[in-house]
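K.L.:
structure here, sequence nowhere to be found:
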């Protein structure tokens, strides 16, 4: 009897040990060996998150937005604006580094996460870990794209960003023709987001943010792939720390960067917090142009900026659509050459006609969506101008009565 009990006990121990050590791969998470298991020093005795609250207040508004707490909304950004669009990508010893052209860009593009709300637009959720660019990537032989990581994607200390099975809305992606990826005026080549659904079908999604030598590195799209797509030699820059928050210089082999160490604080909060309903009312029709300084922009300048941006979007859209048609014609010619019989040639022609018909429908839909958005943007600019004129009319009437 004792012998049987001893055998049963051994069997239970063996079974439990198998359960404990059996590796279970969570869906969407790459194997552990693909990541560096190194510590990351995110402890600072200096500034806390209140520094973000104070610094960013002149450039936007803070609201309390569940479930994230205090979030920041930038003011005076263009219609259709998305994070990581006004600047350029630079290859550094930290991987792909986003160099913003906006004076406040040192903070929201290198700490924390961005998210979008229908009533609020884009808003930034603060965090304390600095990174070269908190984005995920998509690429193909023709396109390179990126999108801000949402707040729900955690940075695992000592590991990096491990979870890749997260959903990015199609409108959040920023795509360019791969040839322009290294351009210093990148925003001039960004596709209108109405094209994104089509481009996403042609691209592969990849996230690769990890920790190496106590550095957060973003190598989501490999340097060899970028060389092949852009057909350019790529220089590598070392980051040089500076102690002032402004758009930094880039010199031979060096890029100046402001990245203070920030610690978390449960008691810190913005000095001025706007109610969410009030924020939605103030945001409507207000954000029309990015300003590097506090210089006032006239209504005529705003209308011209919007008109130029819309015309550029239409040109980029049409050029991209024409290229798709050209590629479809090239594939048709290749299949015609391979086809040997009349029946095969007939089948190739029918397939091409069906694909061309679907493509034209898709292009028509994209153009209609862009046109609709452009009309809505124009109405908002006109409404804002009329709203500003209304108080002036009242003042004139009051003076006449006197």
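P.N.:
Cool, the structure landed. Everything numeric in this text was worked out from a predicted model, so none of it was measured. Residues are numbered from 1 along each chain as shown.

K.L.:
the closest residue to residue 378 other than its chain neighbours: how many residues sit nearby?
P.N.:
Spatial nearest neighbour of residue 378, chain neighbours left out: residue 306 (7.1 Å); criterion: Cβ to Cβ, 6 or more residues apart in numbering. Backbone N, C-alpha and C define where each C-beta goes, glycine included. Neighbour count of residue 306, defined by other Cβ atoms under 10 Å: 20.

K.L.:
over to residue 75?
P.N.:
Around residue 75 there are 15 other residues, counting by other Cβ under 10 Å.

K.L.:
over to it: give its phi and psi.
P.N.:
Dihedral pair for residue 75: phi -100, psi 160, per degrees, to the nearest 10.

K.L.:
pLDDT wise, what is it at?
P.N.:
Per-residue pLDDT puts residue 75 at 88.

K.L.:
can you name the next helix or strand after the strand or helix carrying residue 314?
P.N.:
In the assignment (DSSP states H and E), residue 314 maps to helix 299-338. Counting by DSSP H and E, the next helix or strand C-terminal to helix 299-338 is helix 342-401.

K.L.:
where's the helix holding residue 314 relative to the chain centroid, distance-wise?
P.N.:
22 Å (Cα atoms, centre = their mean, to the nearest Å).

K.L.:
buried sites along it?
P.N.:
Neighbour counts over helix 299-338 (16 or more other Cβ atoms under 10 Å) mark 302, 305-306, 309-310, 313, 316-317, 320-321, 324, 332, 335 as buried.

K.L.:
against which helices or strands is that helix packed?
P.N.:
Identification of packing neighbours for helix 299-338 by 3 or more Cβ pairs under 8 Å, 6 or more residues apart in numbering; DSSP states H and E yields helix 342-401.

K.L.:
for the record, mean pLDDT for the helix it packs on?
P.N.:
The average pLDDT within helix 342-401 is 81.

K.L.:
now that helix against helix 299-338, angle please.
P.N.:
On the basis of axes from the mean of the first three to the mean of the last three Cα atoms, to 10 degrees, helix 342-401 is oriented at 180 degrees to helix 299-338.

K.L.:
just checking, what packs against helix 342-401?
P.N.:
Judged by 3+ Cβ pairs under 8 Å, 6+ apart, helix 342-401 is in contact with helix 299-338.

K.L.:
count residues in the vicinity of the closest residue to residue 215 other than its chain neighbours, would you?
P.N.:
Leaving out its chain neighbours, the residue that sits closest to residue 215 by Cβ to Cβ, 6+ apart is residue 94, at 5.6 Å. As a burial measure, residue 94 scores 22 neighbours (other Cβ under 10 Å).

K.L.:
just to revisit the earlier point, wait, which of the buried residues of helix 299-338 is closest to residue 271?
P.N.:
residue 302 (29.3 Å; Cβ to Cβ).

K.L.:
per-residue confidence at that closest one?
P.N.:
Confidence at residue 302, expressed as pLDDT, is 80.

K.L.:
from what I see, it and residue 381 are in contact.
P.N.:
Yes. If you go by Cβ atoms under 8 Å, residue 302 and residue 381 touch, sitting 6.1 Å apart.

K.L.:
that'll do, ta.
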